[in-house]
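Enquirer: Compute the structure for the input listed below.
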Amino acid sequence: MKYIQKAIAILGITTTLGGIASVACAVPKTSGVLARNETGTQYHRLKALKTPKTAEDWFNRGLERSESGDYQSAIDDFTKVLQLDPNFIEAYCNRGLALAMLGNMPGAIADFNGALQVNPNHADAYNKRGNARAALGELRAAVEDFNQALKIDPNFVDAYYNRGLTRSQMGDKQGALADYDRALQLNPNLAEAYGSRGLIRHQTGDKQGALADLQKAAQLFQQQGDLASYQQTQQYIRQLQPFR
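Expert: Below is the predicted model:
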């Protein structure tokens, strides 16, 4: 069974008009446990998460705990998975994400290294390790990881976006713009990419393009129900309005 949990390293637009903030790891988007109607499959899944027995059970409960923000308990569950199945690659990846959320970047990198020992061609492990390295300020190493992820999977939207963030931190604005452009070609609904590209366009003097990108980002954030990012983007738009 395949458990590919693509971690989009996006927490809204984590930037200011003066520059790009540190790259952050986000919790992988997973389906939650539906407990409102404890019948059939939903009931059995909920029960399995309460009393895990197999590696898969422990993994599912770890995902649920991570999604709820209980990262330490999630780490404990993923550790149990790896005791039962040392080659369970997504347990390494998701334990690494939980460690990153708790600020333990060296521990996260160690887990992503573990995933890559199991499968040296796991694009998402490179992507996640790149995020952790960027958070530690190891920007060149982070770009190398994103490059490797894209070599394995040339259509990996997250890796383009994350590399764009990192290139921006390095002062490579044109490289960042190229990465955001490619990410949006692959996923035209990636609101964060519009937002980040808009901020880079503002920095490079393209006020009209910046405003258009931020307005598109705000529209998508609103459609996607991300109120916090929508409101943040609207603040940036209000700052740019005098440039119209």
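Enquirer: At which residues are the strands of the protein located?
Expert: Remark: strands assigned in the chain by DSSP state E are 15-16, 19-20.
Enquirer: any idea which of those scores lowest on pLDDT?
Expert: Averaged per stretch, pLDDT over the strands of the chain is lowest on strand 19-20, reaching a mean of 28.
Enquirer: So, low pLDDT: which residues of the protein?
Expert: Scanning the chain for pLDDT under 70 picks out 1-50, 242-244.
Enquirer: for it, what spans make up the helices?
Expert: For the chain, applying DSSP state H gives helices covering 40-50, 55-67, 71-84, 89-101, 105-118, 123-135, 139-152, 157-169, 173-186, 191-203, 207-223, 227-240.
Enquirer: And stretch 102-120, how far out from the chain middle?
Expert: With Cα atoms, centre = their mean, to the nearest Å as the basis, stretch 102-120 stands 15 Å off its chain's centre.
Enquirer: ok, and for it, which residues are buried?
Expert: Residues 104-105, 107-112, 114-116, 118 are the ones in stretch 102-120 that count as buried (16 or more other Cβ atoms under 10 Å). Any C-beta I mention is one placed from the backbone N, CA and C, and that applies to glycine too.
Enquirer: now do stretch 89-104
Expert: 89-101, 104.
Enquirer: Then stretch 172-188?
Expert: Neighbour counts using 16+ other Cβ under 10 Å place 172-173, 175-177, 179-180, 182-184, 187 of stretch 172-188 among the buried residues.
Enquirer: Identify the residues contacting it?
Expert: Stretch 172-188 has contacts (Cβ atoms under 8 Å, 6 or more residues apart in numbering) with 155, 157, 160-161, 163-165, 167-168, 190, 193-194, 196-197, 200-201, 203-204.
Enquirer: From what I see, Ala149 and Leu116 are in contact.
Expert: No. Here Ala149 does not reach Leu116: they are 10.9 Å apart, not a contact under Cβ atoms under 8 Å.
Enquirer: what's the overlap in contacts for these two?
Expert: Tyr126.
Enquirer: Measure how buried Val157 is and give me the count.
Expert: Neighbour count for Val157, taken as other Cβ atoms under 10 Å: 18.
Enquirer: Wait, it touches Asn189, no?
Expert: No. Applying Cβ under 8 Å, one finds Val157 not in contact with Asn189, separated by 10.4 Å.
Enquirer: Check the gap between Lys128 and Asn94 for me.
Expert: According to Cβ to Cβ, to the nearest Å, Lys128 stands 9 Å off from Asn94.
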